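**Q** pasting the sequence and the predicted coordinates here, then a few questions.
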Amino acid sequence: MKSVQELKALRDRVYSQVSLRVGNGSAAQAATGEEVNEQINIAEGSTVRKNVLVCSGTGCTSSRSPEILENFRKALEKFDLQDEVRVFKTGCFGLCQRGPIVVVYPDNVYYCHVKPEDVDEIAYEHLKQGNVIERLEMYDIDPETQEKILDIAKIPFYAKQMRIALKNCGVIDPENIEEYIAMDGYQALAKVLTEMTPDDVIDTMLAAGLRGRGGGGFPTGKKWRFAANEPKGQKYVICNADEGDPGAFMDRSIMEGDPHAIIEAMEIAGYAIGANHGYVYIRAEYPIAVERLKIAIKQAKEMGLLGKDIFGTGFDFDLEIRLGAGAFVCGEETALIASIEGQRGNPRNKPPFPAQAGVWGKPTIINNVETFANVAQIILKGADWFSSIGTEKSKGTKVFALGGKIVNTGLVEIPMGTTLREVIYEIGGGCPNGKRFKAVQTGGPSGGCLTEEELDVPIDYDNLTARGSMMGSGGMIVLDEDNCMVDVARFYMDFIVDESCGKCTPCRVGTQRLLEMLTAITEGRGTPELLEEMESLCEFIKADSLCGLGQTAPNPIQSTIGKFREEYNAHVIDKRCPAKVCKALLQFKIDPDKCRKCSLCAKACPVEAISGVTGKIPFYIDPDKCIKCGTCIHTCHFGAIERG
């Protein structure tokens, strides 16, 4: 790719490949009316009349989507459709709860829960005969009319979303650079290198108000400015793809569905600060994302979009992948830098900050995947466009991994300022099985919980922080009435203890003591004095830990104890778990009036803790023998066994 003109010509030429999916969409927006007409004519002259997209993100891959893809390729030959239908893998569609998902364009039909054995039916009935397979079609029920909502744009999960970072996920083939180019890929890089100075780029980022999406929310343009102001010489750009929060998969999905967006943004950042080399630090636990990044880097180099003298401008930029071993602490920027350098992933004191002395001691900027995924579109559409989205201090959109006790688990991207209620009830569909919402944990182990009284809080950096939680990288775990908040805090503390690097005593020893205290409380050994001691230790760890992991480690405890004090008191004073989760505080009883004297529970009990006489004497559970496994409850067909 020797010139910008060649890139634009390629974009116009290959646009027909995606036109069936996007119509006059993203790629055409920057084109003139004449160019759009030419693109449409190319599409109309093609023999391809349908595109079939098979979700090939990690979730759907684990549910056999590779078999689905292979079966489609065989079915196209079987039914003589290979010249009329294109089938290929794509990234995450977002609604993971209904995967694997297969989409047929231009029909705009979404099939969900597809199995490999469904493929022949779809190929013959839909692709050949034109009949939609209703039993597989994705839909929602309109609560007012009770009619099916088949238009994907009107299904609540998608209707409230605004895709910027996820723009190409589920739309393009992530392993085909030409499809990325068709969607205006590398046009932002071309604009930057030929029309803008490095200062112009940084000013645009500052005006847009883009803040880091990795947790801290530091202004991206300001970070870039710090590095740019350092003396000229070797500088580096790092993409932090070490996403480690339990339940978080935002960055992984972006890399799996749109890897070139990260490459392009890193090149733009390199130009802005005067760097010619970059690293993508990604955990080895993400094999699909790693493979697609490798493919994308190779393709970009082959096209001259990465490497030496890009677009003949004299700008050089190279990129390499560094695999992490899955250490949560390596999400902290100085620990990440140490890992790239081949050292143990321990954080260090700051200053100096990475923008002054980062990898190999050189000025370095570090942004996470989602932050980079916004950059190219800000360059193309302008700072005013991006800053018009969101709230006064939190611009743009935010991607969340919505999980836990929620109907629609998956990946959502919403404008900043959307309320928690909208996300949980309108997009997420509320808690399943009619259960009552209890709390939502945002920010992962470093965050906190928000309650029903806070559901109308607009989501942005400052609002969440003010209420004892944080944005974090974007994990959002919904909890219902069956969750014990003490147990939730214990779960996160167990995770933190495992992930502490051990460098500083407050984190290494303090978090272990917190875990022991929480364990004592869940096992009925807690006291009011222990609660006071635990709260005091939380303050000490927060104030004296070296890095963000230790400084935020007490958050789950402080948040839950602040908002669910009565639940902690029940464990400590009454020796009971209101949610009936903590086994040591449970007692299993058989109601003699409901017992049918059938002996099924006694036969199933693994420790022979249940006795009685079949057909004559109601059965009884010996609390000293009972191990509280719950087998008896699942065995009893008459609801005679209670857990409390």
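**A** Looks like it arrived, so ask away.
**Q** residues contacting the most centrally placed residue in the chain?
**A** Nearest to the mean C-alpha position of the chain, by C-alpha atoms, centre = their mean, lies Met250 at 2.3 Å. Residues in contact with Met250 (C-beta atoms under 8 Å, 6 or more residues apart in numbering) are 243, 369-370, 399-401, 411, 473-474. The way it works is simple: take the backbone N, C-alpha and C, and place the C-beta from them, glycine included.
**Q** please repeat the previous calculation with a cut-off of 6 Å.
**A** Neighbour list for Met250: 370, 399, 401, 474 [criterion: C-beta atoms under 6 Å, 6 or more residues apart in numbering].
**Q** where strands are concerned, which of these count?
**A** Of these, the ones assigned to strands by DSSP state E are 399, 401.
**Q** and Lys308, how many neighbours?
**A** Other residues lying near Lys308 total 12 when counted by other C-beta atoms under 10 Å.
**Q** and it, helix, strand or coil?
**A** Using DSSP: H, G, I helix; E, B strand; the rest coil, the structure places Lys308 in strand.
**Q** now do the buried residues in the longest strand along the chain.
**A** Counting residues, the longest strand found in the chain (DSSP E) is strand 315-324. Going by neighbour count (16 or more other C-beta atoms under 10 Å), the buried part of strand 315-324 is 315, 317, 319, 321-322, 324.
**Q** counting contacts, what elements does the longest helix along the chain pack onto?
**A** Criterion DSSP state H: the longest helix present in the chain is helix 4-22. Packing partners of helix 4-22 (3 or more C-beta pairs under 6 Å, 6 or more residues apart in numbering; DSSP states H and E): helix 33-45, helix 177-182, helix 187-195.
**Q** which two of the contacts of Met250 have the greatest separation?
**A** Glu370 and Ala401 (11.0 Å; C-beta to C-beta).
**Q** circling back: mean pLDDT lowest where, among the helices and strands packed on helix 4-22?
**A** For the helices and strands packed on helix 4-22, the weakest mean pLDDT is recorded on helix 33-45, namely a mean of 40.
**Q** still on that earlier bit, quick one: which of the contacts of Met250 is nearest Asp498?
**A** Closest approach to Asp498 among those (C-beta to C-beta): Ala401, at 20.5 Å.
**Q** tell me how far that closest one lies from Ala227.
**A** Shown here: Ala401 relative to Ala227, a distance of 30 Å by C-beta to C-beta, to the nearest Å.
**Q** beta partners for Tyr281?
**A** Note on Tyr281: beta-bridge partners Asn240, Arg322, judged by DSSP bridges.
**Q** just the CA trace of stretch 445-461, in CSV.
**A** What follows is stretch 445-461, C-alpha atoms only, in CSV (Å, rounded to 0.1, in the frame of the first residue of the first chain):
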residue,chain,number,x,y,z
PRO,A,445,-12.5,-7.3,42.6
SER,A,446,-11.4,-3.6,42.7
GLY,A,447,-15.0,-2.3,42.6
GLY,A,448,-18.1,-2.4,44.8
CYS,A,449,-21.7,-3.2,44.8
LEU,A,450,-24.7,-1.0,44.1
THR,A,451,-28.2,-1.7,45.4
GLU,A,452,-31.7,-1.3,44.2
GLU,A,453,-31.9,2.2,45.6
GLU,A,454,-29.1,3.1,43.2
LEU,A,455,-30.5,1.6,40.0
ASP,A,456,-31.4,5.1,38.6
VAL,A,457,-27.8,6.3,38.9
PRO,A,458,-26.4,7.3,35.5
ILE,A,459,-23.4,5.2,34.7
ASP,A,460,-20.2,7.2,34.5
TYR,A,461,-16.8,7.3,36.2
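**Q** residues making contact with stretch 598-610?
**A** Applying C-beta under 6 Å, 6+ apart, the external contacts of stretch 598-610 come out as 614, 619, 621-622, 625-627, 631-632, 635-636.
**Q** biggest separation within those residues, which pair?
**A** Spatially, the most separated pair among the contacts of stretch 598-610 is Thr614 and Ile627, at 22.9 Å (C-beta to C-beta).
**Q** would you mind checking the contacts of stretch 598-610 for buried ones?
**A** For the contacts of stretch 598-610, a burial check counting by 16+ other C-beta under 10 Å picks out 619, 621, 626, 631-632, 635-636.
**Q** now, those residues that are in helices?
**A** Counting by DSSP H, the part of those found in helices is 631-632, 635.
**Q** same list, those residues, but as JSON lines with pLDDT please.
**A** Below are those laid out as JSON lines (pLDDT from 0 to 100):
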{"residue": "Thr631", "pLDDT": "93"}
{"residue": "Cys632", "pLDDT": "94"}
{"residue": "Thr635", "pLDDT": "93"}
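**Q** next, the buried residues of the longest helix of the chain.
**A** Buried residues in helix 4-22, counted by 16+ other C-beta under 10 Å: 4, 7-8, 10-12, 14-22.
**Q** let me see the mean pLDDT of it.
**A** On average, helix 4-22 scores 85.
**Q** that helix to helix 187-195, inter-axis angle?
**A** In terms of direction (axes from the mean of the first three to the mean of the last three C-alpha atoms, to 10 degrees), helix 4-22 departs from helix 187-195 by 160 degrees.
**Q** check the gap between Gln551 and Val290 for me.
**A** Taken as C-beta to C-beta, the span from Gln551 to Val290 is 30 Å.
**Q** neighbour-wise, which of those two wins?
**A** Neighbour totals were compared for Gln551 and Val290, and Val290 leads with 20 against 17 (other C-beta under 10 Å).
**Q** can you tell me the helix or strand for the more buried one?
**A** Using DSSP states H and E, Val290 sits within helix 287-302.
**Q** just the angle for that helix relative to strand 315-324, thanks.
**A** Helix 287-302 runs at 160 degrees relative to strand 315-324, counting by the same axes, to 10 degrees.
**Q** report all helices and strands that helix 287-302 contacts.
**A** Here helix 287-302 touches helix 250-257, helix 259-273, going by 3+ C-beta pairs under 6 Å, 6+ apart.
**Q** is it possible to export those to TSV including mean pLDDT and distance to Asn168?
**A** Shown next, in TSV, are the helices and strands packed on helix 287-302 (pLDDT from 0 to 100; distance: least, C-beta to C-beta, whole Å):
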stretch	mean pLDDT	distance to Asn168
helix 250-257	95	7
helix 259-273	98	7
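**Q** just send the ones you listed back as JSON lines, with distance to Thr197 too.
**A** Formatted as JSON lines, the helices and strands packed on helix 287-302 follow (distance: least, C-beta to C-beta, whole Å):
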{"stretch": "helix 250-257", "distance to Thr197": "28"}
{"stretch": "helix 259-273", "distance to Thr197": "9"}
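**Q** and of those, who's closest to Gln441?
**A** With C-beta to C-beta, the closest approach to Gln441 among these belongs to helix 250-257: 15.4 Å.
**Q** keeping just the C-alphas, turn the helix holding Val290 into PDB.
**A** The C-alpha coordinates for helix 287-302 follow below in PDB (Å, rounded to 0.1, in the frame of the first residue of the first chain):
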ATOM      1  CA  PRO A 287      -5.800 -18.200  22.200                       C
ATOM      2  CA  ILE A 288      -8.400 -17.100  19.700                       C
ATOM      3  CA  ALA A 289      -7.600 -13.400  20.300                       C
ATOM      4  CA  VAL A 290      -3.800 -14.100  20.100                       C
ATOM      5  CA  GLU A 291      -4.200 -16.000  16.800                       C
ATOM      6  CA  ARG A 292      -6.300 -13.300  15.200                       C
ATOM      7  CA  LEU A 293      -3.900 -10.600  16.300                       C
ATOM      8  CA  LYS A 294      -1.100 -12.500  14.700                       C
ATOM      9  CA  ILE A 295      -3.000 -12.900  11.500                       C
ATOM     10  CA  ALA A 296      -3.900  -9.200  11.500                       C
ATOM     11  CA  ILE A 297      -0.300  -8.000  12.100                       C
ATOM     12  CA  LYS A 298       0.900 -10.300   9.300                       C
ATOM     13  CA  GLN A 299      -1.700  -9.000   6.900                       C
ATOM     14  CA  ALA A 300      -1.100  -5.300   7.800                       C
ATOM     15  CA  LYS A 301       2.700  -5.800   7.200                       C
ATOM     16  CA  GLU A 302       2.100  -7.500   3.900                       C
END
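**Q** thanks again, I'm all set now.
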